[in-house]
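K.L.:
Have a look at this prediction, sequence included:
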Amino acid sequence: MYPKEEGFFMPAEWEKREKTFMEWPCREEIWFDGILEAKQGYANIAKAISKFEPVVMIVNKADKEEAEKMCDNEIEILVIEHDDSWIRDNGPTFIKNNNGELRGINWKFNSWGEKYLPYDKDNQVAKKLLEYYGVKSYDAPFVLEGGSIHVDGEGTLLTTEECLLNKNRNPHLKKENIEDYLNKYLSVEKFIWLKRGLFGDETDGHVDNVACFAKPGVVVLQVCYDKNDPNYEITQENLEILRNFIDAKGRKLEIIEIEQPPARYINGERLTLSYLNYYPVNGGIILPTFGGDAKKYDLKAKEILEKIYPDRKVVMVDGMPIIKGGGNVHCITQQMPKGVIK
């Protein structure tokens, strides 16, 4: 049976958490300024999250001692072999029912359309993690990354055509097939199909860089106001789609805009800087910031999020070490909702 048939659904990210999972960096070639800077960045973010909720750092056996030294004593170290460090995309998606029982979904993972090899260990992480915690799982028969979807917990899902309809993921599936699967596995009924994610995003337009639900009926969107920037057309198009959408509960969406930071490049490549890659935790928001000429934008993003989440503490963390590898705080974390494991 599918999760929906058994009463399971994907809860919203802002709901109460049991813990956060992360994966220790190990693929050296993806880090522009070296993997040591990346590891320090991961450790700093893990420490920030651990002030709000438990953190489990998944490590390769060879890196266990190093991770223990760089991370806080509060951070649990768990050995599961992996190829890369983006657990949002290769980790499990947790689902629950109205009785609070937890289960997990093990999606197929192909390294964002086979961009990095090997990825066979990454494709096993979700299954091994669920087995370790004794969480019953569903093995989904198609490729999906957690960063490509976002839900409001009330039947509506956000995604992009650029990613989910990309032929490097599920070339045998059409849009209606993907919607059918997402309905069966996540219990979502309405789909907001944005066209594209941010310019140059190597994930092929993950939605968690461009838009997310802040609460039911409320979407936060990163926007560009410079008509000469390629993100202008992308974000204005997405804004128009959101303005005309009615969600699963019949609500017209409230849209809150956050302006993108100034463009930044490394080795001629534009980095995908996004404030939308923030991560809600129990009582807090972990916000990636970029400093330098982006400082006033950083502070404005913090101010907007403080208004959206008045009951949470917004903590700014340095997002630069993480974005050099292609993602940010949301990409390197995966939440386990509070619930009962049977």
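P.N.:
Happy to help now that I have it.
K.L.:
The strand or helix carrying residue 280 pairs with which strands, parallel or anti?
P.N.:
Element membership for residue 280 (DSSP states H and E) is strand 279-281. Strand 279-281 pairs in its sheet with strand 284-289 (antiparallel), by DSSP bridges.
K.L.:
Give the rounded mean pLDDT of the partner strand.
P.N.:
The pLDDT scores in strand 284-289 average 98.
K.L.:
Same check on stretch 107-121?
P.N.:
Rounded mean pLDDT across stretch 107-121 is 98.
K.L.:
residues near residue 30, how many?
P.N.:
19 (other C-beta atoms under 10 Å). For glycine as for every other residue, the C-beta is placed from the backbone atoms N, C-alpha and C.
K.L.:
Could I get the contacting residues of the residue nearest to it when sequence neighbours are not counted?
P.N.:
Leaving out its chain neighbours, the residue that sits closest to residue 30 by C-beta to C-beta, 6 or more residues apart in numbering is residue 325, at 4.9 Å. Counting by C-beta atoms under 8 Å, 6 or more residues apart in numbering, residue 325 touches 25, 30-32, 38, 85.
K.L.:
Residue 325 looks like it's in a helix, true?
P.N.:
No. With DSSP: H, G, I helix; E, B strand; the rest coil as the criterion, residue 325 is coil rather than part of a helix.
K.L.:
any idea how far it is from residue 85?
P.N.:
8 Å (C-beta to C-beta, to the nearest Å).
K.L.:
what does stretch 167-176 rub up against?
P.N.:
With C-beta under 8 Å, 6+ apart, stretch 167-176 has contacts from 110, 112-114, 142-144, 161, 163, 165, 177-178, 181, 193, 204.
K.L.:
what's the burial count for residue 81?
P.N.:
As a burial measure, residue 81 scores 16 neighbours (other C-beta under 10 Å).
K.L.:
Isn't it up against residue 59?
P.N.:
No. With contact defined as C-beta atoms under 8 Å, residue 81 does not reach residue 59; the gap is 9.1 Å.
K.L.:
Which of the contacts of residue 325 are buried? Put it as a ChimeraX command.
P.N.:
To isolate the buried members of the contacts of residue 325 in ChimeraX, using 16 or more other C-beta atoms under 10 Å:
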select :25,30,31,38,85
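K.L.:
possible to save the contacts of residue 325 as a markdown table with distance to residue 261, secondary structure and pLDDT?
P.N.:
Listed next are the contacts of residue 325 as a markdown table, based on distance: C-beta to C-beta, whole Å; DSSP: H, G, I helix; E, B strand; the rest coil; pLDDT from 0 to 100:
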| residue | distance to residue 261 | secondary structure | pLDDT |
| --- | --- | --- | --- |
| 25 | 23 | coil | 98 |
| 30 | 22 | helix | 95 |
| 31 | 21 | coil | 94 |
| 32 | 18 | coil | 85 |
| 38 | 20 | helix | 97 |
| 85 | 23 | coil | 98 |
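K.L.:
Going by distance to residue 279, which of the contacts of residue 325 wins?
P.N.:
residue 85 (15.0 Å; C-beta to C-beta).
K.L.:
what about the closest one, distance to residue 259?
P.N.:
As judged by C-beta to C-beta, residue 85 and residue 259 stand 29 Å apart.
K.L.:
got it, and residue 35?
P.N.:
The spacing between residue 35 and residue 259, counted by C-beta to C-beta, is 32 Å.
K.L.:
Would you map the helices across the stretch 101-250 of the chain?
P.N.:
111-114, 122-132, 161-164, 175-186, 230-243 (DSSP state H, counting those that start in this stretch).
K.L.:
Would you mark the buried spots in the last one?
P.N.:
It refers to helix 230-243. 231-232, 234-235, 238-239, 241-242.
K.L.:
Show residues contacting that helix.
P.N.:
Applying C-beta under 8 Å, 6+ apart, the external contacts of helix 230-243 come out as 192-199, 210-211, 219, 221-226, 253, 255, 257, 260.
K.L.:
If we use 6 Å, what do you get?
P.N.:
Contacts to helix 230-243, defined as C-beta atoms under 6 Å, 6 or more residues apart in numbering, come from residues 194-196, 198-199, 219, 223-224, 226, 253, 255.
K.L.:
Is it possible to mark the buried ones in these?
P.N.:
194, 196, 198-199, 219, 223-224, 253, 255.
K.L.:
Just give the closest residue to residue 54, not the sequence neighbours.
P.N.:
For residue 54, the closest residue by C-beta to C-beta, 6+ apart turns out to be residue 19, at 4.1 Å.
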